[in-house]
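*Asks:* Need a 3D model of the sequence below.
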Amino acid sequence: MCTLAVETVPSIAGRPSYGALGTSHDRRKVLLHDLPSAAASVQVMWHKAIHRRREEACEALTFSEVHDLAAQRAKLNIRAIAWAVALLRSYDIAVSALAEMLGVA
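*Replies:* Modelled structure (predicted):
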């Protein structure tokens, strides 16, 4: 198994549901499964940014970074989902076999 650590550059961000500004406060580790490489499972350890509000009008004290890498609370990243769906459509492959290849079995 291979694990790759990634993080975005600290920045000012807006809360998705409200638009209030926030600054980088902390990071949370989120484990995502990616495409297998050379018959080995690949994991992406995303150091997801936690932002603290800058505006008093915002009711939430903190909010999490949102990125195209993965949906909220996802175990697979977007590439792994697209790959798995393509295999299911094109080949007669069991879901359990896909789960094992992705390391989520």
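*Asks:* I figured residue 48 was touching residue 28, is that so?
*Replies:* Yes - Residue 48 lies in contact with residue 28 (CB atoms under 8 Å); the separation is 5.0 Å. Where C-beta positions appear, they are placed from N, C-alpha and C, glycine not excepted.
*Asks:* List the residues that contact residue 29.
*Replies:* 45, 46, 47, 48 (CB atoms under 8 Å, 6 or more residues apart in numbering).
*Asks:* could you redo the last one with a cut-off of 10 Å?
*Replies:* 5, 7, 45, 46, 47, 48 (CB atoms under 10 Å, 6 or more residues apart in numbering).
*Asks:* quick one: buried residues of the host helix or strand of it?
*Replies:* If you go by DSSP states H and E, residue 29 is part of strand 21-37. Neighbour counts using 16 or more other CB atoms under 10 Å place 22, 24, 30, 32, 33, 34, 36 of strand 21-37 among the buried residues.
*Asks:* Restrict that strand to CA atoms and write it as CSV.
*Replies:* Written as CSV, here are the backbone C-alpha positions of strand 21-37 (Å, rounded to 0.1, in the frame of the first residue of the first chain):
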residue,chain,number,x,y,z
LEU,A,21,-14.9,34.9,5.1
GLY,A,22,-12.7,32.7,7.2
THR,A,23,-8.9,32.3,7.7
SER,A,24,-6.9,29.0,8.1
HIS,A,25,-7.1,27.8,11.6
ASP,A,26,-6.1,24.1,11.7
ARG,A,27,-5.9,20.9,9.6
ARG,A,28,-7.8,17.6,9.8
LYS,A,29,-6.5,14.4,8.3
VAL,A,30,-8.9,12.8,5.8
LEU,A,31,-8.0,9.4,4.4
LEU,A,32,-9.2,8.9,0.8
HIS,A,33,-8.6,5.9,-1.5
ASP,A,34,-7.3,6.5,-5.0
LEU,A,35,-6.7,4.3,-8.1
PRO,A,36,-4.5,1.3,-7.6
SER,A,37,-1.0,1.6,-9.0
